[in-house]
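*Asks:* here is the input, now give the coordinates:
(chains A and B)
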2 protein chains.
Amino acid sequence: MKIAVLGTGMVGDTIGSKLIELGHTVMMGSRTRGSEKAKTFVEKHNGKATSGTFADAAAFGDIIFNCTAGVASLEALKMAGENNLREKIIVDIANPLDFSKGIPPSLAMCNTNSLSEEIQKAFPHSKVVKALNTMWCGLMVNPGMINGGDHSTFVSGNDPGAKDEVKQILKSFGWAEDNILDLGDITTARGTEMYLPIWLSIYGATNNGAFNIKIVS
Amino acid sequence: MKIAVLGTGMVGDTIGSKLIELGHTVMMGSRTRGSEKAKTFVEKHNGKATSGTFADAAAFGDIIFNCTAGVASLEALKMAGENNLREKIIVDIANPLDFSKGIPPSLAMCNTNSLSEEIQKAFPHSKVVKALNTMWCGLMVNPGMINGGDHSTFVSGNDPGAKDEVKQILKSFGWAEDNILDLGDITTARGTEMYLPIWLSIYGATNNGAFNIKIVS
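*Replies:* Numbers count the residues shown, from 1 in each chain, chains lettered A, B, ... in the order given. The predicted structure follows:
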């Protein structure tokens, strides 16, 4: 599949590298053409990846991974362009963490709103699926790293078909079907985004980011 | 130990009944003396419990469990009276869920604040410990009901000694030491309160409230 990865940070690099490993063709998008980090990414994957602006990448991809910083995601997607995103799935991995007042960050939006809902509102002809935003990126693409791969991940979105496609990608990352919980429509992204403060507290208390939660009943 | 349970709802009844089972003496506090629910609770435990106003109960207890509805907790504690709460541990189990705009509820405060912080600010001479607010009350006092008791619970608070006392109570409820994670000071209650939206979504998606999360790494 042709996949756009928007964002050149650790999350974009991790997701993009895994997608390439799985045989997909990836274009990494950044604010400006010729980003150093995107260039490094392309070189690392000699020939199996390309890079360009957010708009270049969105035009290229059949599916778009939003791996930009949450507080910059709406602007990045606007730069990607509504027409380039039209009818496509946007997998939103970002969290609207606001570090402007220091550590720990607050959420730039929460409670009765979420980043994913704002993206869905701004791009009504795209299919936003919130996914993977509840853990360190190393685990997103390698759940087997801990607890034999037996822990939980979530999807939220308004389009059942789009959620099914994202679930297939998650399964290709190593997630067991039973551990992928469909929470419901895109408003349930509020829950996974508002999970970030407890995630940060657990990380702070344990000094280990390579953890996740498993739902037990 | 003499323990005050503020609140006559399902949470207060569950916590109070478990404390009595463990040999503690419980006074259930409510807004007005002679609450029907408190009377039923006292009758059920023939002679091993008493009831009174919030102030009666707080004066009686060496330790106070706040089991009132989160949006009413500050007022209930003010009725309990600062002097009756002075130097005592307040175990805050409540979540500031606001149902005034329907289902799902929003949080009356979150992100850069929490109910527990508001309680600590209002009662600076009490020792607020957030605990047990991340699950259905049946599990709070009977973790062994699911997954062999192997799942996670959290404490937040500024006073290490108070947190240790609360941990002892949690252990007497059946919680394994290793599954009680001290998240840090009272500001970390933001995380456990903001966990409620994902809790509600998981409950909605699975139709089962008798679940919890286990941290795996």
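*Asks:* what residues are up against the residue positioned nearest the centre of chain A?
*Replies:* Chain A has residue A:93 as the residue nearest its centroid, 2.1 Å off, counting by Cα atoms, centre = their mean. When contacts are counted by Cβ atoms under 8 Å, 6 or more residues apart in numbering or on different chains, residue A:93 touches A:11, A:15, A:65-67, A:131-133, A:140. C-beta: built from backbone N, CA, C; applies to glycine.
*Asks:* and of those, the nearest to residue A:109?
*Replies:* Distance to residue A:109, by Cβ to Cβ, is smallest for residue A:133 among the contacts of residue A:93, at 13.7 Å.
*Asks:* ok, residue A:129 to chain B distance?
*Replies:* 15 Å (Cβ to the nearest Cβ, to the nearest Å).
*Asks:* Three-state assignment for that residue, please.
*Replies:* Of the three states, residue A:129 takes strand under DSSP: H, G, I helix; E, B strand; the rest coil.
*Asks:* show me where chain A has its strands.
*Replies:* Under the criterion DSSP state E, strands of chain A are mapped to A:2-6, A:25-30, A:49-53, A:63-66, A:89-92, A:97-98, A:106-107, A:127-131, A:153-157, A:180-184, A:212-216.
*Asks:* what comes into contact with the helix of greatest length in chain A?
*Replies:* Criterion DSSP state H: the longest helix present in chain A is helix A:160-173. Residues external to helix A:160-173 that are found in contact with it (Cβ under 8 Å, 6+ apart): A:18, A:22, A:63, A:89, A:91, A:127, A:129, A:131-132, A:140-143, A:153, A:155, A:157, A:177, A:180, A:182.
*Asks:* can you do 7 Å?
*Replies:* Contact partners of helix A:160-173, identified using Cβ atoms under 7 Å, 6 or more residues apart in numbering or on different chains, comprise A:18, A:22, A:89, A:91, A:127, A:129, A:131, A:140-141, A:143, A:153, A:155, A:157, A:177, A:180, A:182.
*Asks:* buried sites along that helix?
*Replies:* A:162-163, A:165-167, A:169-170, A:173 (16 or more other Cβ atoms under 10 Å in any protein chain shown).
*Asks:* also stretch A:195-215?
*Replies:* Those would be A:195-202, A:205, A:211-215, for stretch A:195-215 by 16+ other Cβ under 10 Å.
*Asks:* what sits up against it?
*Replies:* Looking at what lies outside stretch A:195-215 - Cβ under 7 Å, 6+ apart - the contacts are A:95, A:97, A:104, A:107, A:134-136, A:138-139, A:145-147, A:150-152, A:181, B:181-184, B:188, B:190-192, B:194-195, B:198, B:202, B:211, B:213-217.
*Asks:* name only those of the residues you listed that count as buried.
*Replies:* Members of these classed as buried by 16+ other Cβ under 10 Å are A:95, A:97, A:104, A:107, A:134-136, A:139, A:146, A:151-152, A:181, B:181-184, B:188, B:190-192, B:194-195, B:198, B:202, B:211, B:213-216.
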